[in-house]
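> Starting from these lines, generate the structure:
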Amino acid sequence: MSKFANFVDHKFVRGLLTAVLMVASALLAPVSLVAAAFGPKEPMLMALGLCGLAGLIGAYIRLGSGPSFFYASRWLKYTVLVFLSLGCGAAIGASFAIPWHIYMATLMPLIGLLGLVVLAGSIKPGPNNSFKPTPLRGAA
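Next comes the predicted model:
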């Protein structure tokens with residue numbers, strides 16, 4: 001997973017992902033807000049809208065913080081991971097939930113896959129915590 005983290009934190013890739021995120025926000029944030037607003041009438045659309053907004057917020061936090069994301073508090077890291085997971089699920093779910101809407105059916109899988117790349121780049125393994133028994137005292 002550290003290779004994904006290095007890939008996502010590369011300056012060019014991070015700039016490209018940020019540009020895609022800005023375009024996705026301009027296109028999808030209004031749709032997500034409208035979907036979230038119709039909650040009482042359409043609970044599925046509300047769930048997709050709220051999860052999509054959470055994914056956008058998580059992506060902005062992850063890409064905005066760059067490599068220093070891994071020095072953030074555990075609470076922030078887990079929150080961003082949950083937000084990114086919800087966003088990826090919403091993007092991929094929306095492409096299947098609304099197949100008749102060509103705008104959603106073509107854009108959402110791409111956004112979901114890019115979200116999965118950012119999600120994978122947000123999981124960096126810690127130090128090797130494998131069990132190594134300590135030698136007994138006096139043993140040579």
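
> Report the buried residues of whichever helix in the chain runs longest.
The helix that spans the most residues within the chain, counting by DSSP state H, is helix 11-37. By neighbour count with 16 or more other CB atoms under 10 Å, helix 11-37 contains the buried residues 14, 17, 20, 21, 24, 25, 28, 31, 32, 35, 36. Just so you know, the C-beta spots here come from the backbone N, C-alpha and C atoms, and that holds for glycine as well.

> Local confidence estimate at the second one?
At residue 17, the pLDDT value in this model is 91.

> that older thread, now do the longest helix of the chain: which elements does it pack against?
Packed against helix 11-37 by the contact rule (3 or more CB pairs under 8 Å, 6 or more residues apart in numbering; DSSP states H and E) you find helix 2-9, helix 43-65, helix 102-120.

> Please identify the deepest-packed of these.
Counting by mean count of other CB atoms under 10 Å, helix 43-65 has the highest mean neighbour count of the helices and strands packed on helix 11-37, with a mean of 20.

> between that helix and helix 102-120, how many degrees?
Counting by axes from the mean of the first three to the mean of the last three CA atoms, to 10 degrees, helix 43-65 points 50 degrees away from the direction of helix 102-120.

> Can I get helix 43-65 as CSV, trimmed to CA atoms?
Taking Å, rounded to 0.1, in the frame of the first residue of the first chain, the C-alpha atoms of helix 43-65 are listed here in CSV:
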residue,chain,number,x,y,z
PRO,A,43,-34.2,7.7,0.8
MET,A,44,-31.9,5.9,-1.6
LEU,A,45,-31.1,9.1,-3.5
MET,A,46,-30.6,10.8,-0.1
ALA,A,47,-28.1,8.1,0.9
LEU,A,48,-26.2,8.3,-2.4
GLY,A,49,-26.1,12.1,-2.2
LEU,A,50,-24.8,12.2,1.4
CYS,A,51,-22.3,9.5,0.7
GLY,A,52,-21.1,11.4,-2.4
LEU,A,53,-20.7,14.6,-0.5
ALA,A,54,-18.7,12.7,2.2
GLY,A,55,-16.5,11.3,-0.5
LEU,A,56,-15.8,14.7,-1.9
ILE,A,57,-14.9,16.1,1.5
GLY,A,58,-12.7,13.1,2.2
ALA,A,59,-10.9,13.5,-1.1
TYR,A,60,-10.3,17.2,-0.5
ILE,A,61,-8.8,16.6,2.9
ARG,A,62,-6.6,13.7,1.7
LEU,A,63,-5.3,15.5,-1.4
GLY,A,64,-5.0,18.9,0.3
SER,A,65,-2.9,17.5,3.1
